[in-house]
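Visitor: Take a look and give me a structure for this.
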Amino acid sequence: MFGIPGKAAVTLTPRAAARIRKLMERDGAYGLRLGVKKGGCAGMEYTMEFAAEAGPMDEIVEQDGARVMIAPMAQMFLFGTEIDYETSLLESGFRFNNPNVAEACGCGESIKFKDMPQTDASGG
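Guide: Coordinates of the predicted model:
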């Protein structure tokens, strides 16, 4: 496990926890798995997918009835992140307040982490 003993790797705002709970109930999922992958114009992108079970190396965070699992390769990138869920007239979605991010694309979905080498990724 990565992180500080007794401290959750990520935290959820009440809105994010409520949305994740709703998604878990609707799809009969064990929870949502969070990760990061190469891509986007800033070099990395967040990933979220329904999970039927936790992986053996997943970090599991349970808060207010919501459950998220952090994929092993993403744990160091997501530690300390607050996840929110925002709704506006034009869009709704999860927002990541991540202290490990050095740069973010205008789309808000593509990020570059501190101390991450430059990539040639395009898009976003």
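Visitor: List the contacts of the most centrally placed residue in the chain.
Guide: Nearest residue to the geometric centre of the chain (CA atoms, centre = their mean): Leu34, 4.5 Å. Neighbouring residues of Leu34 by CB atoms under 8 Å, 6 or more residues apart in numbering: 10, 46-48, 68-71, 74, 78, 83. Every residue, glycine included, has its C-beta placed from N, CA and C.
Visitor: What distance do you get for it to Ile20?
Guide: The gap separating Leu34 from Ile20 is 10 Å, by CB to CB, to the nearest Å.
Visitor: so what's in contact with these two at the same time?
Guide: Common neighbours of Leu34 and Ile20 (CB under 8 Å, 6+ apart) are Val68.
Visitor: Now list the buried members of the contacts of Leu34.
Guide: 10, 46, 48, 68-71, 74, 78, 83 (16 or more other CB atoms under 10 Å).
Visitor: Out of these, list just those in strands.
Guide: 10, 46, 48, 68-70, 83 (DSSP state E).
Visitor: Going along the chain, name the helices of the protein.
Guide: Secondary structure of the chain, counting by DSSP state H: helices at 14-27, 75-78.
Visitor: which residues touch the first one?
Guide: For helix 14-27, the surrounding residues in contact (CB under 8 Å, 6+ apart) are 12, 29-32, 50, 63-68, 83-86, 94.
Visitor: Mind giving me the ChimeraX select for these, buried ones only?
Guide: Applied in ChimeraX, the following selects the buried portion of those according to 16+ other CB under 10 Å:
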select :12,29,31,32,63,66,67,68,83,84,85,94
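Visitor: For the closest residue to Glu82 other than its chain neighbours, give its distance to Val10.
Guide: Of all residues not flanking Glu82 in the chain, Asn97 sits nearest, at 4.3 Å (CB to CB, 6 or more residues apart in numbering). Counting by CB to CB, the separation of Asn97 from Val10 is 10 Å.
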